[in-house]
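Trainee: sequence and predicted structure, then a few things I'm wondering about:
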Amino acid sequence: MPKRTHSDAMKTKHQIIQAALKLFNEQGYTKTSLSDIAKEAGVTRGAIYWHFEDKGELLYELCLEVTREKKFSDLILQATKDSEQDPLGCIKGWITMHTQDTAEQFFGGELYQILDGIFHKRLGDNKTRERILDLVSLRMYHITAALENCVHKKQLPPDLNIDMAASYLHALLIGYMQTLRTDRICKPIFKYNHSVDKIIESLKLFRKY
């Protein structure tokens, strides 16, 4: 029997993640078992446990893969780089990206509802919740680093209260995502370029006392 390569293992892992994404979207997180995912992916339960400790870790890895595939974090990551000369422009592009169809489908879809349910203790266990909180912490870390780069590049005031500005941006986007999920009638404010400009301008109001 030929020895499995790293490429084979990564292919199997990707199959499992895609199967989980399909089933989570179709039947929800709670009703989807690892056996269901194994059957959908065409692998054994043992193959799943080779790559993932449990369903919670599979969900965590799924979120990371979706973020990479949909490029949800590309612009905010670019804004953190010292070589980037317009980090504030990257932040503006990152905010605007949330209005694109792919992002709206994700934030208004089943997977985001699952994450929201876990975050608010309606679904999952404490260990899974801690993993999701790690994703939120990572997002906040990137926003903070991007704002620090804006200050360094003199695009934002030197006395900017970075923690407050980062919390503001994060809360704003969370609120937008909730609006997408619960109110299909309300027109998203980010659809209008001048609104994004106002958001960027308002960052300058968060100053150290």
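Mentor: Ah, there it is. Residues are numbered from 1 along each chain as shown.
Trainee: for this protein, which residue occupies the most central location?
Mentor: Centroid check for the chain by CA atoms, centre = their mean gives Thr67 as the closest residue, at 5.6 Å.
Trainee: figure out the helix or strand that that one lives in.
Mentor: Using DSSP states H and E, the element containing Thr67 is helix 55-70.
Trainee: buried ones in that helix, by neighbour count?
Mentor: By neighbour count with 16 or more other CB atoms under 10 Å, helix 55-70 contains the buried residues Lys55, Gly56, Leu58, Leu59, Tyr60, Glu61, Leu62, Cys63, Glu65, Thr67. Using the backbone N, CA and C atoms, a C-beta is placed for each residue, glycine as well.
Trainee: where does pLDDT dip in the chain?
Mentor: Scanning the chain with the threshold set as pLDDT under 70 gives 1-4, 180-193.
Trainee: Lys22: which of the buried residues of helix 55-70 is nearest?
Mentor: Leu62 (10.6 Å; CB to CB).
Trainee: got the contact list for that closest one?
Mentor: Ile17, Ala20, Leu21, Phe24, Leu111 (CB atoms under 8 Å, 6 or more residues apart in numbering).
Trainee: so which of these is the most crowded?
Mentor: Ala20 (27 neighbours; other CB atoms under 10 Å).
Trainee: that one against Tyr60, yeah?
Mentor: No. Applying CB atoms under 8 Å, one finds Ala20 not in contact with Tyr60, separated by 11.0 Å.
Trainee: after the helix or strand hosting Thr128, which helix or strand is next?
Mentor: Following DSSP H and E, one finds Thr128 within helix 126-152. Toward the C-terminal end, the helix or strand that comes next after helix 126-152 (DSSP H and E) is helix 162-182.
Trainee: chain center to the helix or strand just after that next one, what's the gap?
Mentor: Per DSSP H and E, the first helix or strand lying C-terminal to helix 162-182 is helix 193-202. On the basis of CA atoms, centre = their mean, to the nearest Å, helix 193-202 sits 22 Å off its chain's mean C-alpha point.
Trainee: quick one, helix 193-202 and helix 162-182 angle?
Mentor: 150 degrees (axes from the mean of the first three to the mean of the last three CA atoms, to 10 degrees).
Trainee: for helix 193-202, buried residues please.
Mentor: Val196, Ile199, Ile200.
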